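1. need coordinates for the following:
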Amino acid sequence: MNELIAHSGVWILAVIMIVVASWVLYKYLAPKTWREWAGAGVVQAFIIALYAEMYGFPLTIYLLARFGGLDRTELNANLWSSLLGMGETGMMISMVLGYGLLFLGIGLFFQGWRQVYKAREEKKLVTDGLYAFARHPQYTGLFIALFGEGVVHWPTLFSVGLLPVIVFIYYRLSKREERAVIAEFGDEYIAYQKKVPMFFPNKSQWKGFIAQSKAF
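-> Modelled structure (predicted):
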């Protein structure tokens, strides 16, 4: 095959993005237990694989072109634009939609971190703001950001396959965290737990949930 695979080979940018994203991940998730470190490690593997393919070598396109029957006269490193034959237009659409979800997820992530950090300092249970809509809005933001960047904007075999694993890991981690919170706050948290979903608000609450992500 002699197809041109565009938008790849910029390894310096790949390294920069991996370092910056990994620093933010470990700074604000602040893993303490081995389970938290394991979860953060899987997310970091997602980040490394994603940006290595986005700016370095497009392994997913390479494999699909040679073994998956993807036959185009010109291939783009972006999977959606290659599969749908939309070229730069398809890449631009996926980029805009993906970045929209990425920035929404980042907003939820940081606002959730801000609220829980303040609550820990005051040694109280946080049930307002984002926590009035979801019990773990930080993880909700993480899921949305990874979905936007790794599925909508720049899907790869690795990012699409690993995202459900990340969701499962943080679901299990959330259950363990909740047992610790119940031990500390007892019936107060149990009552809150019965009223508020774990990650994703009810359909009618999404507007308020998104609005809270900007409430700094």
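2. after the lengthiest helix in the chain, which helix or strand is next?
-> As assigned by DSSP state H, the longest helix anywhere in the chain is helix 87-122. For helix 87-122, the following helix or strand on the C-terminal side (DSSP states H and E) is helix 137-147.
3. which other helices and strands does that next one contact?
-> Secondary-structure packing of helix 137-147 (3 or more CB pairs under 8 Å, 6 or more residues apart in numbering; DSSP states H and E): helix 34-51, helix 87-122, helix 157-185. (Each C-beta comes from the backbone N, C-alpha and C, glycine too.)
4. roughly how far apart are the spatially most central residue of the chain and residue 155?
-> What sits nearest the mean C-alpha location of the chain, by CA atoms, centre = their mean, is residue 146, with 2.3 Å. As defined by CB to CB, to the nearest Å, residue 146 lies at a distance of 11 Å from residue 155.
5. from memory residue 109 sits against residue 146, does it?
-> No - in this structure, residue 109 is not within contact of residue 146 by CB atoms under 8 Å, at 10.4 Å.
6. might you list the low-confidence residue ranges for the protein?
-> Applying pLDDT under 70 to the chain flags residues 1-7, 68-77, 215-216.
7. go again with 80.
-> Applying pLDDT under 80 to the chain flags residues 1-9, 30, 61-62, 65-78, 81-90, 213-216.
8. what comes into contact with stretch 29-41?
-> Defining contact as CB atoms under 8 Å, 6 or more residues apart in numbering, one finds that stretch 29-41 is touched by 25, 26, 43, 138, 142, 166, 169, 170, 172, 173, 176.
9. so what's the fifth one closest to, chain neighbours aside?
-> Sequence neighbours aside, residue 109 is the residue nearest to residue 142 in space, at 5.8 Å (criterion: CB to CB, 6 or more residues apart in numbering).
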